[in-house]
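Participant: Just need the structure, nothing else, for what follows:
(3 chains)
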Amino acid sequence: MTTATNTSPSTAPTFVRSDRLILAGGGIAVALAAVTRFVGAGAVLPFLCSAVAVTLLASLVGRSVEQLGDRFGAGATGVLQSALGNLPELFIALFALRAGLVGVVQAALIGSILANLLLVLGLAFLVGGLKHGTQKLDSDRARSIIVLMVLSVAAMVVPSLAHYVHTPAAAHEKTLSLIVSVILLVLFALTLPASLRRGETADAGAGMDHETPRWPVWLAVGLLTVAAVLSAFVSDWFVVALEPAMKALSISDAFAGLVIVAIAGNAIENVVGVQLAARNRSEYAFSIVINSPIQIALVLAPLLVVLSAVFGFATLTLVFPPLLVVSVVIAVILTAFITFDGESTWIEGAALIAVYAVIATSFWWG
Amino acid sequence: MTTATNTSPSTAPTFVRSDRLILAGGGIAVALAAVTRFVGAGAVLPFLCSAVAVTLLASLVGRSVEQLGDRFGAGATGVLQSALGNLPELFIALFALRAGLVGVVQAALIGSILANLLLVLGLAFLVGGLKHGTQKLDSDRARSIIVLMVLSVAAMVVPSLAHYVHTPAAAHEKTLSLIVSVILLVLFALTLPASLRRGETADAGAGMDHETPRWPVWLAVGLLTVAAVLSAFVSDWFVVALEPAMKALSISDAFAGLVIVAIAGNAIENVVGVQLAARNRSEYAFSIVINSPIQIALVLAPLLVVLSAVFGFATLTLVFPPLLVVSVVIAVILTAFITFDGESTWIEGAALIAVYAVIATSFWWG
Amino acid sequence: MTTATNTSPSTAPTFVRSDRLILAGGGIAVALAAVTRFVGAGAVLPFLCSAVAVTLLASLVGRSVEQLGDRFGAGATGVLQSALGNLPELFIALFALRAGLVGVVQAALIGSILANLLLVLGLAFLVGGLKHGTQKLDSDRARSIIVLMVLSVAAMVVPSLAHYVHTPAAAHEKTLSLIVSVILLVLFALTLPASLRRGETADAGAGMDHETPRWPVWLAVGLLTVAAVLSAFVSDWFVVALEPAMKALSISDAFAGLVIVAIAGNAIENVVGVQLAARNRSEYAFSIVINSPIQIALVLAPLLVVLSAVFGFATLTLVFPPLLVVSVVIAVILTAFITFDGESTWIEGAALIAVYAVIATSFWWG
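Facilitator: Predicted coordinates for the structure are as follows:
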């Protein structure tokens, strides 16, 4: 009886405390971002407000998708989250491309991968390890995710390597990037059905704590639409505010993209991943943290390449600057070894954070 | 009684259907290759005919060795196959060196490794995974083969890296390559006895489907000799036809060596590896596919370096162009991770093929 | 009763045969090194004598620490050994820096890692494998050591990579190196308590053959002091003799640092590691061999960077020449794969030695 009520579309909307915090905070942050944007409040304040607003809107999108997705099963939710969870990042990147900030976009794409693999995974290992001792990871599922992550990033990175060492292909940088992007998107499309199915079995088996949906469909769809539209606007303000703020704080472009935009764009996933590790659900935390780089390599980056060509924005190619490529290769290999290790300790977490700190420091001087 | 008859040298020759196909097809292809070579049939036709002829002769060599080797046990067969199975590739490379096509030979050596590790392994995983679901690989044997593969390729690749970054050694490129080649050949000689023994136990344990020999010794030896001699001639024609054909099709040298010569030279192993995976014998398929790069790194490449110095052909060194080295390093690391994963899925296969497509595309523009 | 006597500080000093050999040999070598240093005995003899003296003093330091440390438990011994075992290497490096031999110090640091990971581990696998067949390694402990090793070396190597590919940071090479050194030392400090505890449990569990201490505290402390002071002097003579000897033998700076200084500085650990493998204690051998690179990356290298800045010696940075970085990356990845393999064979040992030989050959031409 209860179940029937829960899944029926006529459920009365219920807002738990965190829902209310996000809705209220998001509303205030968007308002502040709008005011500081158009009133002229110096270089730094508009940037900070829009960064907070983007983060909270991203969280709201995630939550709406979760409420909506529960009606279509866990697999569909996962895919919806893949598609929509990266929406704010996509908006930021598109506006940044329109503004000609190709370097920032490239740095942010790679920076997202680095932040997830080194900083967030490191924090998850550190927090989880300090609270619960050595945590086990070695299910076959963890390994097959990491293998897909290694393969995706490798495919994304090859055009850069080709560019550095093979002069003739360099002349065809744009065409090569487009072809590779299509290959990556096809690979993603191929893995979609498996992701749908995998989600289901994982859910049934691991008993992920799915709460019964609290929002009726109309509310979930409505909030999702509002959040998506707002995040398009706020992303625009964020990008507009980025350059003056970086100049005012004398932060280099590379550092801004690699560290600041990357951490802001992934703030929510990051918090969730660390929280799950703190609750000793290391497998689930790991899966969320590793899935993000896969989506960036297989969907976000190739999609941006295609869209930038279609819309005639500043041309984004998959030829990244060398230090970005070197950093991401190091991050991927380290993560892969640590995962194959089959368990995580807080020392490994501390070492991952140390590697992240070393890379971020290397980028400090623009 | 039957066994006695089978192993006796007086067995009546039996040709199964595939034998007859290879013999007939090979004969026709060699004849066509000869005709198109000397009559002058444009640029592309002689190339295609000789490519098919080389492939079929390679298959005939493999089959004769198998028939012959069964009399000496599985270990000896394996070693014989190592020695003679690469014969056509050796001929092609020697004629190409004599013609001064050093770049094509280097690209073909690395291309063979790439084709095996990415394309063929990817196809084997894809076909095997689609037909039989997740396939298990994690025997200790698979891991120790892959470790030897990683070590062999690493040793082969170091002179290239030394060349790029260490100017003084560059002046001694030739000497360095010769010394490294000798080290590699010594390492191969050391592993030979173990390969002989390994073959035996593997055979006993895994129950490889050894058919009873169908050909008497005289026939096997005869066909082997004929096939070897013919493949020397046809390899020559293949090399002569290569450059005009590539020009007519406007294919770059790098792409020709890396993709076309590499796939033609390994056609048979490729088909066998995929067929075995389709029959759910993933361990055996894996072992065949991975053994080929080991042989290229430990035998074929060093032998060619030594022979090119002895015969005074165009000097082949182990200093490969950077993109070749970068590609092979990526391929080796990816394969190693996927193997250590302990199981293969069709998605991993698709991702490997995608990486191969990305690399091949990067080489398209010469 | 016996135990009480053994652990009491009034134990009568006992010298086993190897003790006497080291004391006598060390005394003679130091005397010869002093004579050849100040008398003028050509270019090569003083170098050889001081090299032998440094090695024997290193051994004496190690033995004194062992005798001393047994009184504080296994964990403390391990940490003391970490701290003092690298003392002679530290002295050599400091004197070499004072003499402006930055290149030799950098090559020796990387060379130590290479020698341990490729040569010594290869010898241990080869000897152990030939005597005892395939040896198992796959305890969780081995894997977590190797993961820490990979992470440490990665963090140490990033500034070099940043320098090659990211021009702006290059201008801040010194600052970047200092910051990274502090991060590495902090990471080491964090892992200390765990090392202390790990030592204890490992000891209790694995039953490491701890002999009862043979030397009273006063003797151990006295010998330690004498050995440490002497090794400071002899290290100075070793560095002074190094350059003329290399010139006389026409050996390049890079080769001298990478191979000769590195092997001399680790001679004792090397012998111990191989001996343990020969006695089929592969786990313990592996742990000793792998711990050395961790200490170099987390303590020795960063400490030298900080000290060279404090004392105003020739500036040592963490920006190593490219071939050193490439070699160490190859060595680390190969070792990691071989360890994750979970077992060691003599063929893997032979292949590791082959890779070492290839790298050393590449450095022969200065």
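
Participant: If we look just around chain B, which residues of the stretch 51-200 of chain A are in range?
Facilitator: A:140, A:143-144, A:146-148, A:150-152, A:154-155, A:158-159, A:161-162, A:164-166, A:168-169, A:171-172, A:176, A:179-180, A:183-184, A:186-187, A:190-191, A:194 (Cβ under 8 Å from any Cβ of the partner chain). (Each C-beta comes from the backbone N, C-alpha and C, glycine too.)

Participant: List buried members of those by neighbour count.
Facilitator: For these, a neighbour count by 16 or more other Cβ atoms under 10 Å in any protein chain shown gives the buried set as A:143-144, A:146-148, A:150-152, A:154-155, A:158-159, A:161-162, A:164-166, A:169, A:172, A:176, A:179-180, A:183-184, A:187, A:190-191.

Participant: contacting residues around residue A:234?
Facilitator: Residues near residue A:234 by Cβ atoms under 8 Å, 6 or more residues apart in numbering or on different chains: A:30, A:33, A:50, A:53, A:54, A:57.

Participant: Isn't the fifth one up against residue A:238?
Facilitator: Meaning residue A:54. Yes - between residue A:54 and residue A:238 there is a contact at 5.4 Å, judged by Cβ atoms under 8 Å.

Participant: Check the stretch 101-250 of chain A for the residue nearest chain C and tell me.
Facilitator: residue A:134 (8.3 Å; Cβ to the nearest Cβ).

Participant: Okay, helices next: where are they in the stretch 101-250 of chain A?
Facilitator: Taking DSSP state H, counting those that start in this stretch as the test, the helices found in the stretch 101-250 of chain A are A:102-114, A:121-132, A:140-165, A:167-170, A:173-206, A:217-248.

Participant: Out of those helices, the one nearest residue C:317 is which?
Facilitator: helix A:102-114 (23.4 Å; Cβ to Cβ).

Participant: what does that closest one contact?
Facilitator: With Cβ under 8 Å, 6+ apart as the contact definition, helix A:102-114 has outside contacts at A:89, A:92-93, A:96-97, A:153, A:242, A:253-254, A:256-259, A:261-263, A:265-266, A:292-293, A:296-297, A:300-301, A:304, A:314-316, A:320-321, A:324-325, A:327-328, A:331-332, A:356, A:359.

Participant: repeat for stretch A:254-269
Facilitator: In contact with stretch A:254-269 (Cβ under 8 Å, 6+ apart) are residues A:51, A:54-55, A:58-59, A:62, A:85, A:88-89, A:92, A:103-108, A:110-112, A:114-116, A:119-120, A:238, A:242, A:246, A:251, A:270, A:288-289, A:292, A:321, A:323-324, A:360, A:363-364, A:366, C:166.

Participant: cool, stretch A:15-27 as well?
Facilitator: So stretch A:15-27 is contacted by A:52, A:53, A:56, A:57, A:59, A:60, A:63, A:214, A:227 (Cβ under 8 Å, 6+ apart).

Participant: ok, 7 Å please
Facilitator: If you take Cβ atoms under 7 Å, 6 or more residues apart in numbering or on different chains as the criterion, stretch A:15-27 is touched by A:53, A:56, A:57, A:59, A:60, A:63, A:214.

Participant: Can you lay out those as JSON lines showing distance to residue C:231?
Facilitator: Shown next, in JSON lines, are those (distance: Cβ to Cβ, whole Å):
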{"residue": "A:53", "distance to residue C:231": "63"}
{"residue": "A:56", "distance to residue C:231": "61"}
{"residue": "A:57", "distance to residue C:231": "64"}
{"residue": "A:59", "distance to residue C:231": "60"}
{"residue": "A:60", "distance to residue C:231": "65"}
{"residue": "A:63", "distance to residue C:231": "64"}
{"residue": "A:214", "distance to residue C:231": "71"}
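
Participant: and which of these is nearest chain B?
Facilitator: Checking those against chain B with Cβ to the nearest Cβ, the nearest one is residue A:63 at 29.6 Å.

Participant: Quick one: closest of the helices of the stretch 101-250 of chain A to residue C:68.
Facilitator: Nearest to residue C:68 among the helices of the stretch 101-250 of chain A is helix A:121-132; the distance by Cβ to Cβ comes to 32.6 Å.
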